[in-house]
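Chemist: sharing a sequence plus its predicted fold:
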Amino acid sequence: MYLIKSCPRCDKGDLFEDRDEYGSYAQCFQCGYVEYPEAVLPLEQAKAEQLNRRGRR
Ligand SMILES: [Zn+2]
């Protein structure tokens, strides 16, 4: 599915919806912006886990 000219970053890019291991996402052809409408970005989770490990020490 294509979302024409709905990229929040470059404002005129076309988003292409696809799926990966984290769920469905939309990527901009023009600037490479990636948006995960359904899943929370795993980066936040990874950061939280790192902090936990440091604190446990
Ligand atoms: Zn874009």
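Modeler: Happy to help now that I have it. No experiment lies behind these values; they were computed from the predicted model shown.

Chemist: which bits of the chain sit near the ion?
Modeler: Contact residues (Cβ under 5 Å from the ion) of the chain with the ion: 7, 9-10, 13, 28, 30-31, 33. To be clear about C-beta, it is placed using only N, CA and C from the backbone, and glycine gets the same treatment.

Chemist: sitting in helices, which of the residues you listed do you find?
Modeler: With helices taken from DSSP state H, there is no overlap with those.

Chemist: let me know the closest of those residues to Y22.
Modeler: Using Cβ to Cβ, the shortest approach to Y22 within the residues of the chain next to the ion belongs to Y33, at 15.8 Å.

Chemist: next, count neighbours for the closest one.
Modeler: 15 (other Cβ atoms under 10 Å).

Chemist: now the closest residue to it other than its chain neighbours. Its backbone dihedrals?
Modeler: Using Cβ to Cβ, 6 or more residues apart in numbering and skipping the chain neighbours, the partner closest in space to Y33 is R9 (4.2 Å). As for R9, its main-chain torsions (degrees, to the nearest 10) stand at phi -90, psi -50.

Chemist: so who does R9 touch?
Modeler: Going by Cβ atoms under 8 Å, 6 or more residues apart in numbering, R9 touches 28, 31, 33.

Chemist: re the thing from before, mind giving me the ChimeraX select for the residues of the chain next to the ion, buried ones only?
Modeler: The ChimeraX command for the buried members of the residues of the chain next to the ion (criterion: 16 or more other Cβ atoms under 10 Å) is given here:
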select :7,13,28
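
Chemist: format the residues of the chain next to the ion as CSV; extra columns: distance to E21 and pLDDT.
Modeler: Compiled in CSV, the residues of the chain next to the ion are given as follows (distance: Cβ to Cβ, whole Å; pLDDT from 0 to 100):
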residue, distance to E21, pLDDT
C7, 23, 92
R9, 23, 94
C10, 26, 95
G13, 24, 95
C28, 20, 94
Q30, 25, 95
C31, 23, 96
Y33, 19, 93
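
Chemist: the residues of the chain next to the ion in strands, which ones?
Modeler: Among these, the ones falling in strands (DSSP state E) are C28.

Chemist: appreciated, that's everything.
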